[in-house]
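1. this one's structure only:
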């Protein structure tokens, strides 16, 4: 399997693959590259609809030039444990931030979330985040406010009475449940429309189908989240049935 950075020719092949509607795994197979390499390349350079080989190549060269002093200008060097390569960690952080942004998280909350994810403790103070991201405390506060509203971080007080912002497995469970429950109001409102528009009308039928669909999705998500939480808390391997649940016959 070839190593090193993608060449301009490989990026052109990625562009052609995206135009043809090929999945990342197939593009990766044709280039003899890991699927994760192709995914990161596309997501950090505009996503599948905006990716352009020449722009991606120039952007990568600019990032490489900024990274030559090991730490990009304006950023604070983060001590790495466990023998990690600081350059590889920084590059991965950029890729993860890009993917979070593509999923709908704006830039600063995505950067904050990335630093919490890749920190071994899973928690940082506002001052630590401001120092690592080289931004103002106000920017961190605004990002944290958004992340808390989405149940993506949790606030705790440490022994020095400082606020610490935490990500953990329980938080993802809570965020998933909150996301599923957010559909409940839309389901209720859609069914109000059914009564107002008349049960036998095409518009009412459309709203009822929306309500039924979201109802089913929410119930499935909640059920899956409960099962995943039980497995994670038990320490059992993924795919293991949760304790107390019997197999369907």
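-> Done, it's in. What you see is a predicted model; the values in this text were computed from it and never measured.
2. Three-state assignment for residue 160, please.
-> Here residue 160 is coil, with the state taken from DSSP: H, G, I helix; E, B strand; the rest coil.
3. What's the local residue count around it?
-> Here the count is done by other CB atoms under 10 Å, and residue 160 has 7 residues near it. For glycine as for every other residue, the C-beta is placed from the backbone atoms N, C-alpha and C.
4. Now do the same for residue 8: its pLDDT.
-> With respect to pLDDT, residue 8 has a value of 88.
5. What average pLDDT does the strand or helix carrying residue 40 get?
-> Using DSSP states H and E, residue 40 maps to helix 35-43. Averaging pLDDT along helix 35-43 gives 86.
6. Can you list the buried residues in it?
-> 37-43 (16 or more other CB atoms under 10 Å).
7. and if you look at stretch 193-206?
-> 193-194, 197, 204.
8. ditto for stretch 150-163
-> For stretch 150-163, by 16+ other CB under 10 Å, it's 151-154.
9. Next: stretch 7-22.
-> For stretch 7-22, by 16+ other CB under 10 Å, it's 10-11, 13-15, 17-18, 22.
10. now do stretch 131-147
-> Here stretch 131-147 shows 132-133, 135, 139-140, 142-144, 146-147 as buried, counting by 16+ other CB under 10 Å.
11. Include pLDDT when you put those residues into a markdown table, please.
-> Below are these laid out as a markdown table (pLDDT from 0 to 100):
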| residue | pLDDT |
| --- | --- |
| 132 | 90 |
| 133 | 91 |
| 135 | 91 |
| 139 | 92 |
| 140 | 93 |
| 142 | 94 |
| 143 | 93 |
| 144 | 93 |
| 146 | 92 |
| 147 | 91 |
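12. Just those residues: which are in helices?
-> Counting by DSSP state H, the members of the buried residues of stretch 131-147 that fall within helices are 132-133, 139-140, 142-144, 146-147.
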